[in-house]
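Trainee: sharing a model that was predicted from the sequence below.
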Amino acid sequence: MSTTGQARFPALGVRSYRLFWIGGLATNTGRWITHIVSAYVIYRITGSAAWVGITGFANFIPMLLLNPVSGHLSDSRDRRRLLLVTNATAAGATLLMAVLWLAGMRSPWGWVVLFFARGCISGIQLPVWQAFVAECVPRELLRNAITLNSTQFNAARTLGPAIGGVLIGTAGPGWALVVAAGLFGPVLGCLAAIDPAALNRADSGETVGRGVNAVYTGYRDSIRYVLDSPGIRTAILTIALITTITIPLVQQVVVFAEEVFEVSPFWFGVLASAQGIGAVLVAPWVAGELSRVRPSRMQFYAVLGYAAGVAGLGLAPVFWVGFVALAFLGAVHLVSASNLNSVVQLQVDDEVRGRVMAIYLMGVLGTTPFANLLMGWLISVFGARPVVVSGAGLLLLVGLFLSGTGRLRHLDSA
C-alpha cells in the first residue's frame with residue numbers, strides 16, 4: 001500500500017481486517033447482484049411496483065423477527081465461525097434461486113418465499129458482521145475500519161448492480177444468480193485464513209447465558225443499556241428516521257428505470273450502481289479530512305444532503321440527472337452510515353457489542369419491511385415522482401427536528 005493509502009486507511013495494514021475486507025468486497029458484490037435480480041425478476045413477473053414493495057418486505061421482515069437471536073449469537077458464539085456458516089448457507093440459497101429460475105418457476109409468491117429465506121440468513125449474519133469488524137483491528141483503528149467497511153459495501157454496490165445488469169441483459173437472471181452464488185467463495189476462503197489468535201475480542205462469551213430465556217433477557221438488558229446511552233440512542237433514532245424513507249426509495253429504482261426513464265436492463269444496472277460510485281469517490285475524504293469534523297455537525301449536513309439527493313431523483317428530467325442524484329445520495333450515505341456506526345461502536349462496551357449492534361441494525365432495518373409495502377402501494381397509486389419528492393420533504397423535516405431538539409449533540413460524547 002502507498003504511503004498516502006497507509007495514512008488514510010491504516011486498518012488495511014492489519015492482516016485479519018485486510019482478509020475480511022477483500023472477502024467482503026467479493027461477497028457483497030454477489031449480494032448486490034442478487035438484490036437487483038430479485039427486484040427485476042418480481043417486476044418482470046408482475047409489472048407491479050406494489051409487488052416490488054412486497055419483495056422488500058419479505059427480504060427485511062426476518063431481520064426484525066430474528067434481531068434478538070442474532071445479537072445473542074454474536075455475543076455468545078465465535079463470530080468468525082458464525083460468518084463461515086451463514087455465508088455458506090447464503091451461497092446455497094442463492095444457487096437454489098438460480099436453479100429454480102432456470103427450471104421455469106415464475107410464481108410471485110414462490111419467489112417471495114425464497115426472498116424471505118434469504119432474509120432469515122441475512123438477519124442472523126448482519127449484526128455478527130458489524131461486530132466482527134471490531135475484532136479485526138485494535139480500538140485506535142476502529143473508526144478507520146468502519147469507514148473502510150462502509151466503503152467496501154458501497155464499492156460492491158457499484159460493481160454488483162453493473163455486473164448484474166450486464167448478466168441479466170445477456171445471460172438472463174438465472175445465470176446472474178449463479179455468478180452471485182460463486183462470489184461467496186472468496187469470503188469463505190478469507191475467513192478460513194484469518195488466525196483466531198490475532199483477533200481482538202474480549203472473552204465475554206462465558207458471561208452470556210444460553211437458552212431462550214437468556215436470549216430475551218439479554219435483549220431486554222441491551223435495550224436498557226441503549227436507552228441509558230444518549231449517544232447510542234440518538235444514533236439509532238437518527239438512522240431509523242433516515243432509512244425508513246431512503247431504503248424503500250432505493251428498492252424502487254427498478255420502477256424509475258422501467259417506467260420513468262424507460263431504459264434497458266443494462267442501464268437499470270448502471271442506475272442501481274450510482275450510489276456505490278458516489279460513495280467510493282468520497283471515501284478518501286470521509287477517512288481523512290471529514291473524520292476530524294464533529295459527529296453532530298457532520299450528521300446534520302448529511303441529513304440535508306439526503307433530502308437534496310432524493311429530491312434530485314424525484315425531479316430528474318432524464319436518466320443521467322437521476323444517475324447523478326443517486327451518486328450524490330450514495331456519497332451522503334457513506335458519510336452518514338460511517339459516522340453513526342462509529343459513534344455506536346466507539347461508545348459501546350465490548351461485552352454487549354453484538355447485541356447493541358443488533359439493536360442498531362434494528363434501527364437501520366426495523367421499519368423497512370412496512371415502509372417498503374407502503375412505498376410500493378403509494379407509487380402504484382400516485383406514481384414514482386410525487387412520492388419520491390414527498391420523501392425528500394420528510395427528510396428535510398427529520399434534519400430540522402434532530403437539530404432543533406438538540407439530540408444530535410449526544411453524538412459528540414466520547
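Mentor: Perfect, I can see it now.
Trainee: how close does Leu95 get to Ala180?
Mentor: Separation of Leu95 from Ala180 (CB to CB, to the nearest Å): 9 Å. Backbone N, C-alpha and C define where each C-beta goes, glycine included.
Trainee: wait, Phe382
Mentor: 33 Å.
Trainee: what are the ranges of the helices in the stretch 251-400 of the chain?
Mentor: Assigned helices in the stretch 251-400 of the chain, in chain order: 253-255, 265-287, 295-315, 319-347, 353-365, 368-382, 384-404 (criterion: DSSP state H, counting those that start in this stretch).
Trainee: can you check the stretch 101-250 of the chain too?
Mentor: Counting by DSSP H, counting those that start in this stretch, the helices of the stretch 101-250 of the chain are 108-136, 142-170, 173-182, 185-193, 212-227, 230-251.
Trainee: in the second one, which residues are buried?
Mentor: Translated: helix 142-170. By neighbour count on 16 or more other CB atoms under 10 Å, the buried set for helix 142-170 is 142-165, 167-169.
Trainee: then the fourth one?
Mentor: Applying a neighbour-count criterion of 16+ other CB under 10 Å, the buried positions in helix 185-193 are Gly185, Pro186, Val187, Leu188, Cys190, Leu191.
Trainee: contact partners for the first one?
Mentor: Residues in contact with Gly185, defined by CB atoms under 8 Å, 6 or more residues apart in numbering, are Ala26, Ala91.
Trainee: against Gly276, how distant is it?
Mentor: On the measure of CB to CB, Gly185 and Gly276 end up 21 Å apart.
Trainee: between Phe382 and Ala180, which has more neighbouring residues?
Mentor: More crowded of Phe382 and Ala180, by other CB atoms under 10 Å: Ala180, with 29 against 11.
Trainee: just list the residues touching the more buried one, thanks.
Mentor: Gly30, Arg31, Ile33, Thr34, Val37, Thr94, Ala98, Gly164.
Trainee: before we move on, what about Met63?
Mentor: Met63 neighbours (CB under 8 Å, 6+ apart): Ser70, Gly119, Ser122, Gly123, Leu126, Leu361, Met362, Leu365, Gly366.
Trainee: which strand or helix spans it?
Mentor: Here Met63, judged by DSSP states H and E, is contained in helix 49-65.
Trainee: for that helix, buried residues please.
Mentor: Residues of helix 49-65 classed as buried: 49-64 (neighbour count, 16+ other CB under 10 Å).
Trainee: closest one of those to Met375?
Mentor: Nearest to Met375 among the buried residues of helix 49-65 is Gly53, at 5.8 Å by CB to CB.
Trainee: find the nearest non-adjacent residue to that closest one, please.
Mentor: Closest residue to Gly53 apart from its sequence neighbours, by CB to CB, 6 or more residues apart in numbering: Gly376 at 2.0 Å.
Trainee: number of nearby residues for the one you found?
Mentor: For Gly376, the neighbour count with other CB under 10 Å is 25.
Trainee: how far out from the middle of the chain is stretch 63-78?
Mentor: Using CA atoms, centre = their mean, to the nearest Å, the distance from the centre of stretch 63-78 to the centre of the chain it belongs to is 17 Å.
Trainee: I'd like the average pLDDT over it.
Mentor: The pLDDT scores in stretch 63-78 average 88.
Trainee: so which bits of it are buried?
Mentor: Applying 16+ other CB under 10 Å to stretch 63-78 flags 63-64, 66-76 as buried.
Trainee: among these, which are in helices?
Mentor: Met63, Leu64, Asn67, Pro68, Val69, Ser70, Gly71, His72, Leu73, Ser74, Asp75, Ser76 (DSSP state H).
Trainee: just give me the closest of these to Val270.
Mentor: Looking across these and measuring by CB to CB, the closest to Val270 is Met63, at 28.0 Å.
Trainee: roughly how far apart are the closest one and Ser48?
Mentor: With distances taken as CB to CB, Met63 is found 24 Å from Ser48.
Trainee: same thing with Val389?
Mentor: Taken as CB to CB, the span from Val389 to Ser48 is 22 Å.
Trainee: Arg143 too?
Mentor: Relative to Ser48, Arg143 is positioned 43 Å away (CB to CB).
Trainee: what of Gln125?
Mentor: For Gln125, the distance to Ser48 equals 29 Å [CB to CB].
Trainee: for Thr147, same thing?
Mentor: 38 Å.
Trainee: excluding chain neighbours, what is closest to the residue most central in space within the chain?
Mentor: The chain has Phe153 as the residue nearest its centroid, 7.4 Å off, counting by CA atoms, centre = their mean. Spatial nearest neighbour of Phe153, excluding adjacent residues (CB to CB, 6+ apart): Asn28 at 5.5 Å.
Trainee: got the contact list for that neighbour?
Mentor: The contact partners of Asn28, taken as CB under 8 Å, 6+ apart, are Gln152, Phe153, Ala156, Arg157, Gly160.
Trainee: just give me the closest of the residues you listed to Pro284.
Mentor: Out of the contacts of Asn28, the member with the shortest distance to Pro284 (by CB to CB) is Gln152, at 13.8 Å.
Trainee: that closest one and Trp21 touch, don't they?
Mentor: Yes: between Gln152 and Trp21 a contact is recorded at 5.5 Å, counting by CB atoms under 8 Å.
Trainee: so what pLDDT did Thr170 get?
Mentor: pLDDT, read off for Thr170, is 88.
Trainee: got the angle for the lengthiest helix in the chain vs helix 230-251?
Mentor: The longest helix of the chain (DSSP H) is helix 15-46. Here helix 15-46 points in a direction 40 degrees away from that of helix 230-251 (axes from the mean of the first three to the mean of the last three CA atoms, to 10 degrees).
Trainee: just the angle between helix 15-46 and helix 265-287, please?
Mentor: 150 degrees.
Trainee: list the buried ones in helix 15-46?
Mentor: 16-43, 46.
Trainee: and what of stretch 257-271?
Mentor: The neighbour-count check on stretch 257-271 (16+ other CB under 10 Å) flags 257-261, 263, 265-271 as buried.
Trainee: nothing else from me, thank you.
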